[in-house]
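Participant: my questions concern the predicted model and sequence given below.
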Protein chains: 2
Amino acid sequence: MAVDVAQLVEQAREGRPRAVARLISLVEGASPQLREVMAALAPHTGNAYVVGLTGSPGVGKSTSTSALVSAYRAQGKRVGVLAVDPSSPFSGGALLGDRIRMSDHASDPGVYIRSMATRGHLGGLAWSAPQAIRVLDAAGCDVVLVETVGVGQSEVEIASQADTSVVLLAPGMGDGIQAAKAGILEIGDVYVVNKADRDGADATVRELNHMLGLGESRGPGDWRPTIVKTVASRGEGVGEVVEALEKHRAWMEERGVLDERRLRRAATEVETIAVTALRERIADLHGDRRLGALAEQIVAGTLDPYAAADQLVAGVTES
Amino acid sequence: MAVDVAQLVEQAREGRPRAVARLISLVEGASPQLREVMAALAPHTGNAYVVGLTGSPGVGKSTSTSALVSAYRAQGKRVGVLAVDPSSPFSGGALLGDRIRMSDHASDPGVYIRSMATRGHLGGLAWSAPQAIRVLDAAGCDVVLVETVGVGQSEVEIASQADTSVVLLAPGMGDGIQAAKAGILEIGDVYVVNKADRDGADATVRELNHMLGLGESRGPGDWRPTIVKTVASRGEGVGEVVEALEKHRAWMEERGVLDERRLRRAATEVETIAVTALRERIADLHGDRRLGALAEQIVAGTLDPYAAADQLVAGVTES
């Protein structure tokens, strides 16, 4: 059934959560109306400040996200939350109150919360997360928090699509630092050592300081990552996190870095969509047995794979 | 400098190692003559039996590969070895004697050994390993052993391109089983528990039996994975591994499974090359600033990413 997209977008902009939920479902499920939705959203995008939060399981991501929501709400800002979790039992669909720890915000009309599961493969998320962010942006969110489990490459990619990336750690979690070593150290603008009331919090801060080379001098154009200690469950230090975020945002705006990041993000997004479209065209060729016929010739030695690929590319680009 | 490809292929088929090395360098480096090389090789391919060997670091992969080489050489067969190792310090180039444990075979003209490093990203290997296998195949190798570290997705993909996949484990390596859980259990046709003189070998075999469900009944068309215990460093059990491989090969040939696997492999290869070619065309658009201009319009909200991707795809398919 065709949806009145213009009406939905209008309702979403008025702050009606069901309309926002519906739009996210349309972009997430790659509905036939996806393009119509994206075209209708475009003029209303570009206002939200997108913050990525990533960290290993157990560092208190959801609690930290919830605390940040409260802090931004106290400033009167509208907040969107996109929780991207490959192990999430939620198959998507519930917009509000879909997670227990978020239940504080379930009845707050200024907060949108959405879980996105991976549905088998992570590649799909790198593609659908930016679209969902666009919906929340167009719906008038001042801040969009994108929460990811910082383990896989695709999640690091999603986090790197944010305006500001927050990396969460907890004391005594060696694997937190290990995960950090694996690439997260390169993407953090703000580091949060949560559960700072536990033993070892200062040691984690020191280790982080050392690994980030914060003692070394930097070029005048380089951002010096901030480290903040929090006890998110009691709201301690959360104000400082918001301060650090605003400082980073101001720093980026002053230097044109925010625009640069957004341009790069848009370019990546377009490339991903284009490559996916071309891949789909190739997959369509499975149907008409053309790929199978080429494979047979390769196995028989009458055709080499490059010449076969030329035929495949020609088939795609002619159609 | 242009190379006389026809002459190189002729020399490789006569068994001249330098010609084989040169051809692999040409396909690995994506030289301008790559297509010429692939076309010249095609008629001579399809004879080699390709065996993938995968396992975590420390299970004795190189020793096992070396022992298998000796066993096949004792049968008078020509053997190619492709060692794919992301952590390998070898940047590629040395064809013979490039690894210490392989030095037994360094002066044997019936053995070709090649290390392939990942050069930064693994995606490249999924693309270049099949081409190198083709060179070894065309050079007259009866058997090609492809050794990979069984950790990443791309390596599992490489292993799955083999006619027969061998998964190596060692007793007392919990992470071996963990790695196996992560997907290797689906790809093994033959399982080798190496270092079987150590404590816990029988427990590993039992655990493997259980995880593979070998006690359960199978359909008549299903291969029942073989488990073999070895002490590769002393050559113990290696004969049984070769037997298990030959049995699996015979089983596949009887049922047409070998052809099926090779057709699927060829199809995947062609798709990979075609997608890479299309990706490169998109990347070329970076150069002429078209992608940058599209990104600017997206950030400004005057264009949505799908409409932008359409333009990108049009740019690619028209050229």
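Facilitator: Great, that's in hand. Just so you know, these numbers come straight off a predicted model, no measurement behind them.

Participant: buried ones in the helix or strand containing A:Lys247?
Facilitator: Per DSSP states H and E: A:Lys247 is located in helix A:238-255. Residues of helix A:238-255 classed as buried: A:238, A:240-242, A:244-245, A:248-249, A:252 (neighbour count, 16 or more other C-beta atoms under 10 Å in any protein chain shown). Heads up, the C-betas are built off the backbone N, CA and C, glycines and all.

Participant: and which of those is nearest to chain B?
Facilitator: Lowest distance from chain B to these (C-beta to the nearest C-beta) belongs to A:Met252, with 13.8 Å.

Participant: residue contacts, the closest one?
Facilitator: A:163-164, A:223, A:258, A:261 (C-beta atoms under 8 Å, 6 or more residues apart in numbering or on different chains).

Participant: recalculate using a threshold of 6 Å.
Facilitator: A:Leu258 (C-beta atoms under 6 Å, 6 or more residues apart in numbering or on different chains).

Participant: next: A:Asp142.
Facilitator: Per C-beta under 6 Å, 6+ apart, neighbours of A:Asp142: A:77-78.

Participant: if you set the cut-off to 8 Å instead, what comes out?
Facilitator: So A:Asp142 contacts A:47-49, A:72, A:77-79 (C-beta under 8 Å, 6+ apart).

Participant: save the buried residues of helix A:238-255 as a markdown table, and put in pLDDT too.
Facilitator: Compiled in a markdown table, the buried residues of helix A:238-255 are given as follows (pLDDT from 0 to 100):
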| residue | pLDDT |
| --- | --- |
| A:Val238 | 97 |
| A:Glu240 | 98 |
| A:Val241 | 98 |
| A:Val242 | 98 |
| A:Ala244 | 98 |
| A:Leu245 | 98 |
| A:His248 | 97 |
| A:Arg249 | 97 |
| A:Met252 | 95 |
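
Participant: return the member of the residues you listed nearest to B:Asp202.
Facilitator: Closest to B:Asp202 out of the buried residues of helix A:238-255 is A:Val241 (53.6 Å), distances taken as C-beta to C-beta.

Participant: how near is the closest residue to the closest one other than its chain neighbours to chain B?
Facilitator: The spatially closest residue to A:Val241, leaving aside those adjacent along the chain, is A:Val228, at 5.2 Å (C-beta to C-beta, 6 or more residues apart in numbering or on different chains). Remark: distance between A:Val228 and chain B (C-beta to the nearest C-beta, to the nearest Å) = 29 Å.

Participant: quick check: which element contains A:Val228?
Facilitator: Judged by DSSP H and E, A:Val228 forms part of strand A:226-229.

Participant: which residues sit against that strand?
Facilitator: Contacts for strand A:226-229 (C-beta under 8 Å, 6+ apart): A:189-193, A:196, A:201, A:205, A:208-209, A:212, A:214, A:237, A:240-241, A:244, A:247-248.

Participant: following element in sequence after the longest helix anywhere in chain A, please.
Facilitator: Criterion DSSP state H: the longest helix present in chain A is helix A:257-287. Elements were assigned by DSSP H and E; along the chain past helix A:257-287, the next helix or strand is helix A:290-300.
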